[in-house]
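Participant: Build me a structure from this.
(one chain, ligands or ions: 1)
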Amino acid sequence: MTGANHVLPTGGLARAYSGLSVLDFLRWTTWQEILPEAAAGLAHDVAALADTEQLPGHAAAARGWASAPNEAEGTPARRGAAPLPLRRRAGYGTIPVYAPAPGGADLDLSDNTNLFGPAPSALDALRASAAESLSRYPEPWSDALRQSLARYAGVRPEEIVVGCGSDDLLDSAFRAFGEPGDTVAHCVPTFSMVPVFARANGLVPAAAPFTPDLELDTDALLAARASITYLASPNNPTGTIASPEAIARVFEGASGVVILDEAYAEFSGVTRGREAPQHGRLMIVRTLSKAFGLAGLRVGWAIGAAALIAEVEKARGPYKVSAPAERAARAAVEHDLDWMRERVAAVIASRDRLADALRGRGFAPLPSAANFLLVPVAEADAAAAALEPAGIAVRTFRGLAGIGDALRITAGPWPAMERLLVAFDRVPR
Ligand code: PMP
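Facilitator: Purely as a prediction, here's the structure:
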């Protein structure tokens, strides 16, 4: 019953074959990628071998390599200055490049930013930036900003890492905590960059659709036995929050690192940042792009146990927050908390009023705890096109799991929402 030499049951094979091990039951598959010129050079020998092995299909395929396209066109396969084909990482061929909503709209409600504008102290700090802050490198790990964020979050500075947007921290954490080939479990629909960052780091995304009442499917998430489990609460694009019980189940049941993305925490009023350092394998992701109105600065931050944060920093590398950005971000976190809270309250009031008005027009926006609404529509492109003549841009989603087509609309100052509502009369239900 114990030991590595024998694997049982083998259906009787163990009687005739000693020293059976797991390896006897594995099938190995390897492949090689070679340049077309190299294949052409090998074609003759490969074809001869294949003929000898009576594999005529293989032989014919190999002979095909001999006439690589550039030779068939009459140019030699090996030309001194011929450019080598671009070699990229396996899997990159199908990774999409991020495509934002088309810019230029007069009223852009597509990206969940703060439509009241940036935190004013950040702007003042940027204006007052000394020339030196451009000619010298910034502090490599943004220690001063970490101190300000630590005070804001109620944790220690070494339990915080900052990055070039929270994007940077998700990407770095995926690199730090997943071996190539490992799984990243995540809900779907969720932040669109999550499966992209996973694949860009050689990891395999495993999507778990929400339950019909838009709650985390904790069984499906845990069944993935992932190295990294990503949750977002409030979630983008649904705006919904995960229940404390579901989050607790994932925290307890996941074997690897759990990333809880709280990019919209200022709007939901719920954060687990303070408890993250005690958990050891939990990373909470935050950003200054949303409530603080500083998306253009590109400053994100994350909280976790100091040992976890140190690993994320290794993957992230130094100097990721520019000196002016660090200065402006610090000013906002030190001086603009009241400003931020007032704008957040105004956004929430606008959002709820907008949701009521949309319901009155026969739409059914999802319950949102963030600064945006997800509004199911019959056909997302047609709906967005109906808003375009009014100079309004929204984010379109087609065929979301369990939801169908939908528009994601940033909530902001009420006059802007009124303008949207007028245009919405042209949106087919
Ligand atoms: N997480 C979520 C859930 C988001 O919606 C976004 C931005 N849309 C981000 C992270 C990334 O934000 P940033 O890189 O600007 O911090």
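
Participant: how about the residues of the stretch 101-250 of the chain near the ligand?
Facilitator: Within the stretch 101-250 of the chain, the residues that sit near the ligand (Cβ under 6 Å from any ligand atom) are 112, 165-167, 191, 232, 236. C-beta coordinates here come from the backbone N, C-alpha and C atoms, glycine included.

Participant: If we use 5 Å, what do you get?
Facilitator: Neighbours of the ligand within the stretch 101-250 of the chain, by Cβ under 5 Å from any ligand atom: 165-167, 191, 232, 236.

Participant: before we move on, what about the stretch 251-400 of the chain?
Facilitator: Counting by Cβ under 5 Å from any ligand atom, the stretch 251-400 of the chain sits next to the ligand at 261, 263, 287, 289, 300.

Participant: Secondary structure element holding the second one?
Facilitator: Under the criterion DSSP states H and E, no helix or strand holds A263.

Participant: contacting residues for it?
Facilitator: Shown in contact with A263 (Cβ atoms under 8 Å, 6 or more residues apart in numbering): 166, 191, 232, 236, 285-287, 289-290.

Participant: Once you drop chain neighbours, what's closest to it?
Facilitator: Leaving aside its sequence neighbours, A263 sits nearest to T287 (Cβ to Cβ, 6 or more residues apart in numbering; 4.8 Å).

Participant: and R341, what helix or strand is that in?
Facilitator: Using DSSP H and E, R341 maps to helix 337-360.

Participant: for R199, same thing?
Facilitator: helix 193-200.

Participant: Closest residue of this structure to the ligand?
Facilitator: Nearest residue of the chain to the ligand: G165, at 2.7 Å (Cβ to the nearest ligand atom).

Participant: Check the contact between that residue and R286; I expect there is one.
Facilitator: No. The pair G165 / R286 is not scored as a contact, 11.1 Å apart, by Cβ atoms under 8 Å.

Participant: hey, what's in contact with both of the two?
Facilitator: By the contact definition Cβ under 8 Å, 6+ apart, G165 and R286 are jointly contacted by G300.

Participant: quick one: which of these two has more around it?
Facilitator: R286 (27 against 22; other Cβ atoms under 10 Å).

Participant: which residues sit in contact with the residue nearest to that one when sequence neighbours are not counted?
Facilitator: Leaving aside its chain neighbours, R286 sits nearest to W301 (5.1 Å; criterion: Cβ to Cβ, 6+ apart). Counting by Cβ under 8 Å, 6+ apart, W301 touches 146, 149, 160-163, 166, 169, 285-288.

Participant: Would you write a ChimeraX line that selects the buried entries of those residues?
Facilitator: In ChimeraX syntax, the buried subset of these is picked out as below (16 or more other Cβ atoms under 10 Å):
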select :146,149,160,161,162,163,166,169,285,286,287,288
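
Participant: Do you know the pLDDT at M1?
Facilitator: Looking at M1, its pLDDT is 64.

Participant: could the residues of the stretch 251-400 of the chain next to the ligand go into CSV alongside distance to L107 and pLDDT?
Facilitator: Putting those into CSV (distance: Cβ to Cβ, whole Å; pLDDT from 0 to 100) gives the following:
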residue, distance to L107, pLDDT
D261, 27, 98
A263, 22, 98
T287, 23, 98
S289, 19, 98
G300, 26, 98
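
Participant: Pipe those into TSV and attach secondary structure per row.
Facilitator: Conversion of these to TSV gives the following (DSSP: H, G, I helix; E, B strand; the rest coil):
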residue	secondary structure
D261	strand
A263	coil
T287	strand
S289	coil
G300	strand
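
Participant: In these, find the pair that's most separated.
Facilitator: Greatest spacing in those, by Cβ to Cβ: D261 and S289 (12.1 Å).

Participant: still on that earlier bit, out of the contacts of A263, which are inside strands?
Facilitator: Cross-referencing the contacts of A263 against strands under DSSP state E gives 232, 285-287.

Participant: about what we covered before: can you lay out the residues of the stretch 101-250 of the chain next to the ligand as a markdown table showing pLDDT?
Facilitator: Below are those laid out as a markdown table (pLDDT from 0 to 100):
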| residue | pLDDT |
| --- | --- |
| G165 | 98 |
| S166 | 98 |
| D167 | 97 |
| F191 | 97 |
| A232 | 98 |
| N236 | 98 |
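
Participant: Low-confidence stretches in this structure?
Facilitator: Across the chain, the ranges flagged by pLDDT under 70 are 1-7, 18-20, 68-82.

Participant: show me where it has strands.
Facilitator: Under DSSP E, the chain gives strands at 107-108, 160-164, 183-188, 204-209, 228-232, 257-261, 282-287, 299-303, 372-376, 392-393, 395-400, 404-410.

Participant: With distance to A99 added, can I get those in JSON lines?
Facilitator: Output for these, formatted as JSON lines (distance: least, Cβ to Cβ, whole Å):
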{"stretch": "strand 107-108", "distance to A99": "15"}
{"stretch": "strand 160-164", "distance to A99": "20"}
{"stretch": "strand 183-188", "distance to A99": "19"}
{"stretch": "strand 204-209", "distance to A99": "18"}
{"stretch": "strand 228-232", "distance to A99": "20"}
{"stretch": "strand 257-261", "distance to A99": "21"}
{"stretch": "strand 282-287", "distance to A99": "21"}
{"stretch": "strand 299-303", "distance to A99": "21"}
{"stretch": "strand 372-376", "distance to A99": "19"}
{"stretch": "strand 392-393", "distance to A99": "13"}
{"stretch": "strand 395-400", "distance to A99": "11"}
{"stretch": "strand 404-410", "distance to A99": "15"}
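
Participant: which one of these is the most hemmed in?
Facilitator: Highest mean neighbour count among those (mean count of other Cβ atoms under 10 Å): strand 299-303, with a mean of 29.

Participant: What sits closest to E275 if chain neighbours are left out?
Facilitator: Per Cβ to Cβ, 6+ apart, closest to E275 is L282, 7.9 Å.

Participant: Was I right to think the one you found contacts I309?
Facilitator: No. Look at L282 against I309 with Cβ under 8 Å: they stay out of range, at 11.3 Å.

Participant: follow-up on the earlier one: quickly list what's touching both of D261 and S289.
Facilitator: Residues touching both D261 and S289 by Cβ under 8 Å, 6+ apart: S166.
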